[in-house]
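*Asks:* pasting a predicted model and its sequence here:
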Amino acid sequence: MRVALNLAIPPSAQERYALVWAIPATLLGIAGLVLIILFSLRTYRQYQVVEKSVADYQERADAVRAQEMAVRRQLDEPESRRLRENVQFVNSLIEQKQVSLTGMIADIADLIPEDVRLSSLAMAPDKNGLALRFVITGKNAGAIESFLSNLEDSPHFKDVAIINEGFEVAGASAELENIACTALYLVGEDNSAEE
C-alpha cells in the first residue's frame, strides 16, 4: 500500500493573495519613488535659483562695498575734508539762522568811509562768532584810522586787531595805505532784530 504524504504547509489566505497584491504595491512604490525623485529635482532646481540669487546679491553687495570704500577714501583726502568742514560750518550757520551775509556786508559797508575801500574779506568759524579778516586800502592814514575806530565802536564787532600795515604806489605821486586786520563778528547779537 502506498501512502502519499503531502508535507507542504497549506498556503494561508495572505500568501494566496500576496502575489496579487505585490504587483499593485510595487507599482505604488515605483510611483511614489518617481514622485520623490520629481519633488527632489524640483527642490534642487529651486535651490539652484536661490543659490544664484544669493550669489548675485553677494556680488552686488561686494560692488556696493567697494564703491563705498572708494567714496570713503575720496572723503578722507585733505581737499574733501576741508570741503566737508566748510559745508558743515555753512550748514551750522544755516541751522542757527543767525548770520545774514547781506546783513553782515551792510554792517561792514556802514563802517567804511568814502576814502577807504575793502580789498578783501575772509571768514572763518569761531566759538564766539565769525572771525573776519579785512584788507583795507585808504588814501591816507586818517581814513584808515576812521575805519578802525568805526569797527571798534560797532556793536557787531569786537576784538579788532591789526595784522599788517603797508603802503602802495598807485600813480605818479599817489600813495595808498594798506592795512590787514581781524575782528570777531558777533553772530546773533543785534542782527536777528534787523532781519
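*Replies:* Looks like it came in fine. Here the structure is a predicted model, which is why all the values come from computation and not from measurement.
*Asks:* low-scoring stretches of this structure, by residue?
*Replies:* Scanning the chain for pLDDT under 70 picks out 1, 95-99, 128-129, 166-175, 187-195.
*Asks:* show me what the longest helix that the chain contains is packed up against.
*Replies:* Across the chain, the longest stretch assigned as helix under DSSP state H is helix 13-75. For helix 13-75, the packing partners by 3 or more CB pairs under 8 Å, 6 or more residues apart in numbering; DSSP states H and E come out as helix 78-96. Quick note: C-beta positions are derived from backbone N, CA and C, even for glycine.
*Asks:* next one: the helix it packs on to chain centre, how far?
*Replies:* Centroid displacement of helix 78-96 relative to its chain, using CA atoms, centre = their mean, to the nearest Å, is 12 Å.
*Asks:* counting neighbours, which bits of that helix end up buried?
*Replies:* Buried residues in helix 78-96, counting neighbours by 16 or more other CB atoms under 10 Å, are found at L93.
*Asks:* domain ranges for the chain?
*Replies:* Domain ranges of the chain: 13-76, 98-185, per automatic domain parsing.
*Asks:* quick check, N6 in a helix?
*Replies:* No: the assignment for N6, made by DSSP: H, G, I helix; E, B strand; the rest coil, is coil rather than a helix.
*Asks:* next, the contact list for it, please.
*Replies:* Listed by CB atoms under 8 Å, 6 or more residues apart in numbering, the contact set of N6 is empty.
*Asks:* show the backbone phi and psi for it.
*Replies:* phi -110, psi 110 (degrees, to the nearest 10).
*Asks:* what about it, distance to K158?
*Replies:* Distance of N6 to K158, given as CB to CB, to the nearest Å: 132 Å.
*Asks:* and for I37, the neighbour number?
*Replies:* Here the count is done by other CB atoms under 10 Å, and I37 has 10 residues near it.
*Asks:* ugh, wrong one, I meant L111
*Replies:* Number of residues near L111 (other CB under 10 Å) recorded here: 21.
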